[in-house]
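[1] got a predicted structure plus its sequence, pasted below:
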Amino acid sequence: MVGEGNSTAVQEFTLEGFPAVQHLGKVLFLLHLLAYLASVTGNSLIITIIWADRRLHTPMYFFLSIFSFGECGFITTVIPKLLTIFLSGRQTISFAACFTQAFAFIFLGASGVFLMGVMSLDRYLAICKPLHYPTIMNIRMCVLLVTACFSLGFLLTVIPVLKLSQLSFCGPNVIPHFFCDVGPLARLSCPENPTTERLAYNIASSLLFISFLMTVIAYSNIVVTILRLPSAYERQRAFSTCSSHLVVLSLMYGSCIFIYVKPKRRSRLDTNREAALVNTVVTPLLNPVIYTLRNKQVHQALRDALSRVKLHK
C-alpha cells in the first residue's frame with residue numbers, strides 16, 4: 001500500500017484514543033470487550049440462522065447475511081486496537097498497520113453502505129413489483145449485486161488511501177483519533193495535504209448521497225404502494241418486512257453523515273471521535289438486536305433451532 005516514492009521519516013503513529021477517560025481504561029476495556037463480543041456473536045448468529053434454515057434462503061436474508069458478515073469485519077478492524085489502548089495504554093501503531101487499518105475500515109464501511117442501498121432496492125422490487133420479483137432477483141443477480149458492492153467499495157477506497165500512503169510524514173505522528181482514518185492522517189503529512197482529505201470527503205459524500213437517494217426513491221415508492229393496499233393487515237405485513245431495515249438505515253446514515261459529510265475542522269475532532277465510536281461499536285451491536293427483535297421469520301427460525309438443540313440433548 002505504501003508507494004516507493006514515499007520519503008517518510010515516521011515509522012509509527014500514536015493513536016490518541018480518549019485521553020480524558022484513559023484513567024478508566026480497565027472499565028472501558030471491559031465494556032467495549034463485551035460490546036465487541038456481543039456484536040460478533042449476534043451477527044454470527046444471524047448468519048448461521050439464515051444459512052441453516054431453508055425458509056430464509058431468500059434474497060432479503062442473503063443480503064442480510066452478507067451485511068452481517070461485513071459488520072463483523074468492520075468492527076474487527078478497529079475495536080481490538082482500541083481494547084489494547086484501554087487495557088495496556090499501548091497507543092502506537094506501525095506505519096503499514098495504520099494504512100492497512102484505514103483501508104480495511106473504509107473499504108468495509110463503503111461496501112456496507114452500498115449493501116444497504118441494494119437492500120432498499122430489494123424491498124422496492126418485492127413490494128412494488130411482486131410478480132416480476134422472483135425473475136429479477138434470482139441467485140445470479142444477488143451474487144452480482146454483492147460483488148458490485150464490494151468491487152465499488154474497493155475502488156473508491158484504494159484511490160484516497162494509496163494517494164495518502166505516497167505522501168511524506170516527518171512528524172508529528174500523533175493521530176487525534178482512536179483509529180487510523182484518512183482525514184487525521186492527511187493533516188499529519190509534510191506538508192499538510194488538504195487535497196487528499198478533500199478527495200476522501202468528496203468520495204464519502206458522493207457515496208452516501210447516491211445510497212441515500214436510492215433509499216429515498218425506493219421507500220417513497222414502497223410507502224405509496226403500501227398505502228394503496230386494501231386491508232390494514234396487508235399494509236402492516238408489508239411494512240413489517242422493511243421496518244427493521246429502516247431503523248438500521250437511520251442509525252448508519254446518521255452517524256456516517258455526522259462524521260464524513262459535515263465540514264471538518266480541527267476543533268470538531270473530539271465530536272467526530274464520539275460519533276465514530278457510535279458507528280463502530282453501538283450500531284453493529286444494535287443491528288442484530290433490531291433484526292431479531294423485529295422480525296417474525298428470524299424469531300421462528302431461532303425458536304426452531306433451539307428446539308432442535310434441546311431434542312438432541
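    Ah, there it is. Numbers count the residues shown, from 1 in each chain.
[2] using the three-state scheme, assign the residue most central in space within the chain.
    The centroid of the chain falls nearest to residue 109 when counting by CA atoms, centre = their mean (4.1 Å). Reduced to three states with DSSP: H, G, I helix; E, B strand; the rest coil, the structure at residue 109 is helix.
[3] check contacts around the nearest residue to it once chain neighbours are set aside.
    Computed as CB to CB, 6 or more residues apart in numbering, the closest residue to residue 109 that is not its neighbour in sequence is residue 74, at 6.2 Å. C-beta coordinates here come from the backbone N, C-alpha and C atoms, glycine included. Residues in contact with residue 74, defined by CB atoms under 8 Å, 6 or more residues apart in numbering, are 105, 108-109, 112, 280, 284.
[4] show me where the stretch 201-313 of the chain has its helices.
    Taking DSSP state H, counting those that start in this stretch as the criterion, the stretch 201-313 of the chain carries its helices at 232-256, 269-277, 283-293, 296-312.
[5] adding mean pLDDT, distance to residue 21 and mean neighbour count, write those out as TSV.
    Shown next, in TSV, are the helices of the stretch 201-313 of the chain (pLDDT from 0 to 100; distance: least, CB to CB, whole Å; neighbours: other CB atoms under 10 Å):
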stretch	mean pLDDT	distance to residue 21	mean neighbour count
helix 232-256	72	20	16
helix 269-277	67	11	17
helix 283-293	75	19	19
helix 296-312	68	36	13
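[6] now that we have those, can you turn them into TSV and tack on distance to residue 142?
    Shown next, in TSV, are the helices of the stretch 201-313 of the chain (distance: least, CB to CB, whole Å):
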stretch	distance to residue 142
helix 232-256	16
helix 269-277	31
helix 283-293	18
helix 296-312	18
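[7] quick revisit: for the residue nearest to residue 109, helix, strand, or coil?
    helix.
[8] can you verify my assumption that residue 176 contacts residue 188?
    No. Assessed by CB atoms under 8 Å, residue 176 is found out of contact with residue 188, at 9.5 Å.
[9] these two: which is more packed in?
    Neighbours were counted for residue 176 and for residue 188 using other CB atoms under 10 Å; residue 188 has more, 21 against 18.
[10] all strands for this structure, in order.
    In the chain, the segments counted as strands under DSSP state E are 12-15, 92-94, 174-175.
[11] the second one: partners in the sheet, and parallel or antiparallel?
    Paired with strand 92-94 in the same sheet, following DSSP bridges, are strand 12-15 (antiparallel).
[12] so where is the protein shaky, pLDDT-wise?
    By pLDDT under 70, the weakly predicted segments of the chain are 1-8, 192-193, 238, 241, 255, 257-271, 292-296, 299, 305-306, 308-313.
[13] okay if I get the strands of the chain as JSON lines plus distance to residue 35 and mean neighbour count?
    Listed next are these as JSON lines, based on distance: least, CB to CB, whole Å; neighbours: other CB atoms under 10 Å:
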{"stretch": "strand 12-15", "distance to residue 35": "19", "mean neighbour count": "18"}
{"stretch": "strand 92-94", "distance to residue 35": "21", "mean neighbour count": "16"}
{"stretch": "strand 174-175", "distance to residue 35": "22", "mean neighbour count": "18"}
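[14] so what's the residue count around residue 89?
    The burial count for residue 89: 10, using other CB under 10 Å.
[15] ok, residue 210 next?
    Neighbours of residue 210 using other CB under 10 Å come to 14.
[16] let me see the contact set for the closest residue to it other than its chain neighbours.
    Setting aside the residues directly before and after it, residue 210 is nearest to residue 117 in space (CB to CB, 6+ apart), at 7.3 Å. Residue 117 makes contact with 210-211, 214-215, according to CB under 8 Å, 6+ apart.
[17] nearest to residue 16 among those residues?
    residue 211 (30.5 Å; CB to CB).
[18] so that closest one is in contact with residue 111, correct?
    No. Counting by CB under 8 Å, residue 211 does not reach residue 111; the two are 11.1 Å apart.
[19] residue contacts, the nearest residue to residue 121 once chain neighbours are set aside?
    Nearest non-adjacent residue to residue 121, counting by CB to CB, 6+ apart: residue 218, 5.8 Å away. By CB under 8 Å, 6+ apart, the contact set of residue 218 is 120-121, 123-124.
[20] ok, which pair from these is furthest apart?
    Longest span within the contacts of residue 218, CB to CB: 121 and 123, 7.4 Å.
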